[in-house]
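J.: When you get a sec, could you give me coordinates for this:
(one chain, ligands or ions: 2)
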Amino acid sequence: MLTVQGGTPLRGTVSVRGAKNLVPKAMVASLLGSEPSVLRNVPGIRDVDVVRGLLELHGATVSSGPDAGNPDGELVVDPRNVESAHVADIDAHAGSSRIPILFCGPLLHRLGEAFIPDLGGCRIGDRPINYHLDVLRSFGATVDKLDSGIHIYTRDRLRGTKVQLPYPSVGTTEQVLLTAVCAEGLTELTGAAIEPEIMDLIAILQKMGAIISVDTDRVIRIEGVEKLGGYVHRALPDRMETGSWASAALATRGEIYVRGANQPDMMTYLNVFRRIGGEFDVDEDGILFRHPGGDLNSLVLETDVHPGFMTDWQQPLVVALTQARGLSIIHETVYENRFGFTEALGRMGAVIQVYKECLGGIPCRFGQRNFNHSAVVSGPAKLHGTDIVVPDLRGGFSHLIAALAAEGESTVQGIELINRGYENFMEKLNALGANVTLS
Ligand SMILES: CC(=O)N[C@H]1[C@@H](OP(=O)(O)OP(=O)(O)OC[C@H]2O[C@@H](n3ccc(=O)[nH]c3=O)[C@H](O)[C@@H]2O)O[C@H](CO)[C@@H](O)[C@@H]1O
Ligand SMILES: C=C(OP(=O)(O)O)C(=O)O
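T.: Numbering: from 1, shown residues only. Ligands and ions are numbered 1, 2, ... in the order given. Next comes the predicted model:
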């Protein structure tokens, strides 16, 4: 449990490393190669440990790692001895992250079959995998749902296909990429997601020998090749963590320099940060985020797929908006259930009302479907400490910064969930002058 004494502005420097939404997938991609791959800038987060464990279960050798002796966060994955799709304790990884579903393409190419445990990840909506399974079927694989997970297999080489996504799903776009690169012939994906982490994955696959073109209007074409090699790659920085610290600076009236932050990937966030009244300076090594003093501005915001405002930025920003003058309206259009964390904020004194209606310009998939996916925040609210149980990764970080912005003491339980996406967050909080103690 964490005890937080709030009310002190966070000031100082934190470093961000490779993106949680790229690094584990880059590790999976290494399974497609005939030689070892080297990934740099790997953060010490739980999602990386989970994928490392899965790769080792399948027979890959994973060496180095993000420890004190490895400041560059280098990870070497040697897939040459991968020979097992059905690993006895794969269920030990059930519920730990979303990544296991992305092992399908590489394992089908290498071994002709894959066993996928039940997936984890944040409980912020139903998170079905119907698009993934439809895509795998369309490449020619057979999908059997078992009590313990899913068995996917093929006797022949997978064939290129045409896929049209009903929604630009990040994971399904990655599923198509990781499967199509070694399938026979051409794959055309329309309605693709184009998040920066996907572009970085495409860069990795190209280094391995893949032929992938990203056309206009969310169309990606992949020409399958017979064989891929290894890669050497430095992962792009984590824009979700960058946005989280930026929101923490606003919420606590502080000033945080995020070393490693990359402006091009933060464009949309930075525009919103400036509209709220936040100030920032970009230099070669990172971005300095600061509270301007005085009042913040309220605003109307919709989350969306890239290049829109990313859903993973939403929860920490809501905490900052509790301190803005006036009414802010947030319409969450990516996940149907991402406002559960506001209940604890309400107990801390925030004034937040959630609505089932689409309170935004774009009617989204969740309108008329009974999901609380819009929120109205009224501020500025004086926050006070309370007892909190972390609900999910970003919700947990948001609770933490709310506790740091609040007057008095809070207790936060379940902080292990935060390790899934924030490297060394306790050390970083201490470096920023936060008054937090672990017991
Ligand atoms: C590990 C990782 O990279 N996670 C990110 C990834 O999640 P993830 O890849 O799981 O998110 P998706 O983009 O696939 O999901 C977007 C929407 O599509 C729906 N959907 C998705 C797949 C499917 O088969 N059927 C279906 O209906 C989902 O329920 C959701 O409403 O992208 C999200 C959107 O940027 C981010 O919030 C997550 O941090
Ligand atoms: C929703 C998130 O992640 P995941 O898809 O891994 O649950 C997130 O990082 O905010």
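
J.: Go over the secondary structure and confirm residue 135 is in a helix.
T.: Yes - looking at residue 135 with DSSP: H, G, I helix; E, B strand; the rest coil, it is inside a helix.

J.: How many residues are close by it?
T.: By other Cβ atoms under 10 Å, the residues close to residue 135 number 25. For every residue, glycine as well, the C-beta is placed using N, CA and C.

J.: do the same with residue 416
T.: Neighbours of residue 416 under the rule other Cβ under 10 Å: 10.

J.: Where does the stretch 51-200 of the chain get nearest to ligand 1, residue-wise?
T.: Going by Cβ to the nearest ligand atom, ligand 1 is nearest to residue 171 of the stretch 51-200 of the chain, at 2.8 Å.

J.: Show me which positions of the helix or strand hosting that residue end up buried.
T.: Assigned by DSSP states H and E, residue 171 belongs to helix 170-180. For helix 170-180, a neighbour-count test (16 or more other Cβ atoms under 10 Å) marks 170-180 as buried.

J.: Could you find which two of the residues you listed are furthest from each other?
T.: 170 and 180 (15.9 Å; Cβ to Cβ).

J.: Spell out, range by range, the helices that occur in the stretch 51-200 of the chain.
T.: Ranges of helices in the stretch 51-200 of the chain, per DSSP state H, counting those that start in this stretch, are 104-111, 130-138, 170-180, 196-208.

J.: if you compare the ones you listed, which one is most tucked away?
T.: Highest mean neighbour count among those (mean count of other Cβ atoms under 10 Å): helix 170-180, with a mean of 25.

J.: gap between the two ends of stretch 297-311?
T.: Start-to-end span of stretch 297-311 (Cα to Cα, to the nearest Å) is 20 Å.

J.: Return the distance of that stretch from the chain's centre.
T.: Averaging C-alpha positions (Cα atoms, centre = their mean, to the nearest Å) puts stretch 297-311 16 Å from its chain's average.

J.: still on that earlier bit, give me the helices and strands touching the helix holding residue 171, please.
T.: helix 23-29, helix 104-111, helix 130-138, strand 186-190, helix 196-208, strand 219-223 (3 or more Cβ pairs under 8 Å, 6 or more residues apart in numbering; DSSP states H and E).

J.: what helices or strands is the fifth one leaning on?
T.: Looking back up the chat, that one is helix 196-208. On a contact count with 3+ Cβ pairs under 8 Å, 6+ apart, helix 196-208 meets helix 23-29, helix 170-180, strand 211-215, strand 232-234.

J.: go on, the first one?
T.: Using 3+ Cβ pairs under 8 Å, 6+ apart as the contact criterion, the elements in contact with helix 23-29 are strand 37-40, helix 46-57, helix 170-180, helix 196-208.

J.: Including mean pLDDT, could those go into JSON lines?
T.: Listed next are those as JSON lines, based on pLDDT from 0 to 100:
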{"stretch": "strand 37-40", "mean pLDDT": "96"}
{"stretch": "helix 46-57", "mean pLDDT": "92"}
{"stretch": "helix 170-180", "mean pLDDT": "98"}
{"stretch": "helix 196-208", "mean pLDDT": "98"}
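
J.: Out of these, flag the one nearest residue 426.
T.: Once the helices and strands packed on helix 23-29 are compared by Cβ to Cβ, helix 46-57 is nearest, at 13.9 Å.

J.: Report whether the closest one contacts ligand 1.
T.: No - counting by Cβ under 6 Å from any ligand atom, ligand 1 has no neighbours in helix 46-57; the shortest distance is 7.1 Å.

J.: Go through that helix and flag the buried ones.
T.: Within helix 46-57, the residues that count as buried by 16+ other Cβ under 10 Å are 46-55, 57.

J.: How about residue 214, nearest residue that isn't a chain neighbour?
T.: Leaving out its chain neighbours, the residue that sits closest to residue 214 by Cβ to Cβ, 6 or more residues apart in numbering is residue 220, at 5.4 Å.

J.: ok, back up a step: want to try CSV for the helices of the stretch 51-200 of the chain, with distance to residue 351 as columns?
T.: Formatted as CSV, the helices of the stretch 51-200 of the chain follow (distance: least, Cβ to Cβ, whole Å):
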stretch, distance to residue 351
helix 104-111, 45
helix 130-138, 38
helix 170-180, 33
helix 196-208, 34
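
J.: Longest strand in this structure, by number of residues?
T.: Using DSSP state E, we find that the single longest strand of the chain is strand 324-331.

J.: then that strand to PDB, C-alphas only?
T.: Taking C-alpha atoms only, strand 324-331 is exported to PDB below (Å, rounded to 0.1, in the frame of the first residue of the first chain):
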ATOM      1  CA  ALA A 324      -9.800  24.100 -14.500                       C
ATOM      2  CA  ARG A 325     -12.300  26.900 -14.200                       C
ATOM      3  CA  GLY A 326     -15.800  26.100 -15.700                       C
ATOM      4  CA  LEU A 327     -17.300  23.000 -17.300                       C
ATOM      5  CA  SER A 328     -15.200  20.600 -19.300                       C
ATOM      6  CA  ILE A 329     -16.900  17.900 -21.500                       C
ATOM      7  CA  ILE A 330     -15.100  14.700 -22.400                       C
ATOM      8  CA  HIS A 331     -16.500  12.200 -24.900                       C
END
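
J.: Redo the helices and strands packed on helix 170-180 as a markdown table? Include distance to residue 343.
T.: A markdown table is the format used below for the helices and strands packed on helix 170-180 (distance: least, Cβ to Cβ, whole Å):
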| stretch | distance to residue 343 |
| --- | --- |
| helix 23-29 | 30 |
| helix 104-111 | 36 |
| helix 130-138 | 29 |
| strand 186-190 | 39 |
| helix 196-208 | 30 |
| strand 219-223 | 39 |
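
J.: so which of these gets nearest residue 415?
T.: Nearest to residue 415 among those is helix 23-29 (20.8 Å), distances taken as Cβ to Cβ.

J.: could you check whether that closest one is close to ligand 2?
T.: No - judged by Cβ under 6 Å from any ligand atom, helix 23-29 makes no contact with ligand 2; its nearest approach is 8.6 Å.

J.: Average pLDDT for that helix, rounded please.
T.: The pLDDT scores in helix 23-29 average 98.

J.: Check the offset of it from the chain's centre.
T.: How far helix 23-29 lies from its chain's middle: 13 Å, per Cα atoms, centre = their mean.

J.: ok, back up a step: could I get the helices and strands packed on helix 170-180 as a markdown table with distance to ligand 1?
T.: Output for these, formatted as a markdown table (distance: least, Cβ to the nearest ligand atom, whole Å):
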| stretch | distance to ligand 1 |
| --- | --- |
| helix 23-29 | 7 |
| helix 104-111 | 12 |
| helix 130-138 | 3 |
| strand 186-190 | 14 |
| helix 196-208 | 7 |
| strand 219-223 | 15 |
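
J.: Brilliant, that's me finished.
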